[in-house]
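Enquirer: After the sequence you'll find the predicted model.
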Amino acid sequence: MNNLVFDIGGTSIKYGVCEDSRLTGINEIPTNASKGGAHILETVISLIRSQSDYDAIGISTAGQVHAKEGYIIYANQNIPNYTGIRFKDTLEELFHVPVAVENDVNAAALGEAIYGSGRDYEQFLMLTYGTGVGGAVITNKEVFHGSSYSASEFGAIITHSDARLAGSDFFDGCYEKYASTTGLVQMVTQYRPKLDTGRKIFDNLSDDTVMEILDKWVDEIMLGLSTLTHIYNPSCIILGGGIMTQPLILQKIEKKKSHFIMPNFAHVHIIAAALGNSAGILGANYLAAQLLERR
């Protein structure tokens, strides 16, 4: 079984073929997001037309996705006019194969559930840390979507109530403003302006000020993880995003668990994602394969 798979982000589109769940020939091109949603759809159509001998199409994409009907419910202005783009209807009409479409964090969580760190867990939460904070809930190897396919906006957890009450933006005082990689960089650059990326920060851990700020940032991470642990009572929480490849973060989280999480919830395993940038595209492949089986 060969599936065409795509992972559409604000910066790049990754695409390739999955042969019986093995990724082959993965390529990457710029998204050119500023050209808008219609341009992205036309790009995907063009890439599919360059391929042959495939059974289904799987798409992981930024934005809130109506997974059943395969269209973009909402996307912010990072990709103008992306809201409303109907991948599933358009591509199935053009190419006559099943098309699965899912939000990128949900797809990454499914990838981890089937092929990665979540394989041994029937139920887990996944969070990804980058420009913002994304979330997903997996139960019995399926995504929990909520009533309108918009569940698990974990970045919107209010962790700083004073900032939320005084703010005008929906994310003022919210988790992703403080616990994201962006939040860490903002905290560090107040004192070390040249350390303006996560990589630069972790290259300067000998700086006592940087280490102190990093420790405070992990506290911000724990505020969200504590809330989610006490609400969902998960057996596992998987942490993704490039910055979570740093072992020091997981070490600090483990040391802080007892301070933030009640003893009867402390069995939760907080672990790193295993699949890196391949998680979303593997999740999209799994969904495409499931569609094909049902047909």
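Expert: In hand now; what should we look at?

Enquirer: Which stretches in the protein count as helices?
Expert: 37-49, 87-95, 104-115, 161-166, 175-179, 181-189, 198-202, 208-232, 247-260, 279-294 (DSSP state H).

Enquirer: ok, residues contacting the fifth one?
Expert: For helix 175-179, the external contacting residues (CB atoms under 8 Å, 6 or more residues apart in numbering) are 129, 132-133, 154-160, 163, 171, 182-183, 217, 220-221, 223-224. Where you see a C-beta, it was placed from the backbone N, CA and C, and this is true even at glycine.

Enquirer: ok so, going back, looking at the helices of the chain, which is buried most?
Expert: Highest mean neighbour count of those: helix 104-115, a mean of 28 (counted as mean count of other CB atoms under 10 Å).

Enquirer: Give me the angle between it and helix 279-294.
Expert: 70 degrees (axes from the mean of the first three to the mean of the last three CA atoms, to 10 degrees).

Enquirer: What helices and strands are in contact with helix 104-115?
Expert: If you count contacts as 3 or more CB pairs under 8 Å, 6 or more residues apart in numbering; DSSP states H and E, helix 104-115 packs onto strand 2-8, strand 56-61, strand 123-129, strand 133-139, strand 142-143, strand 236-240, helix 279-294.

Enquirer: Tabulate those (TSV), appending mean pLDDT and distance to residue 246.
Expert: Converted to TSV, these look like this (pLDDT from 0 to 100; distance: least, CB to CB, whole Å):
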stretch	mean pLDDT	distance to residue 246
strand 2-8	95	23
strand 56-61	97	24
strand 123-129	97	11
strand 133-139	97	16
strand 142-143	96	27
strand 236-240	98	11
helix 279-294	93	17
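
Enquirer: So which of the ones you listed is nearest residue 26?
Expert: Closest to residue 26 of those is helix 279-294 (CB to CB; 7.3 Å).

Enquirer: Grab the CA positions of that closest one and hand them over as CSV.
Expert: Coordinates of each C-alpha in helix 279-294 appear next as CSV, following Å, rounded to 0.1, in the frame of the first residue of the first chain:
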residue,chain,number,x,y,z
ALA,A,279,5.6,12.4,13.5
GLY,A,280,3.0,14.5,11.7
ILE,A,281,3.6,12.9,8.3
LEU,A,282,3.5,9.4,9.8
GLY,A,283,0.2,10.2,11.6
ALA,A,284,-1.2,11.4,8.3
ASN,A,285,-0.2,8.1,6.7
TYR,A,286,-1.9,6.2,9.5
LEU,A,287,-5.2,8.1,8.9
ALA,A,288,-5.0,7.6,5.1
ALA,A,289,-4.4,3.9,5.7
GLN,A,290,-7.4,3.7,8.0
LEU,A,291,-9.6,5.4,5.4
LEU,A,292,-8.5,2.9,2.8
GLU,A,293,-9.2,-0.1,5.1
ARG,A,294,-12.7,1.2,5.8
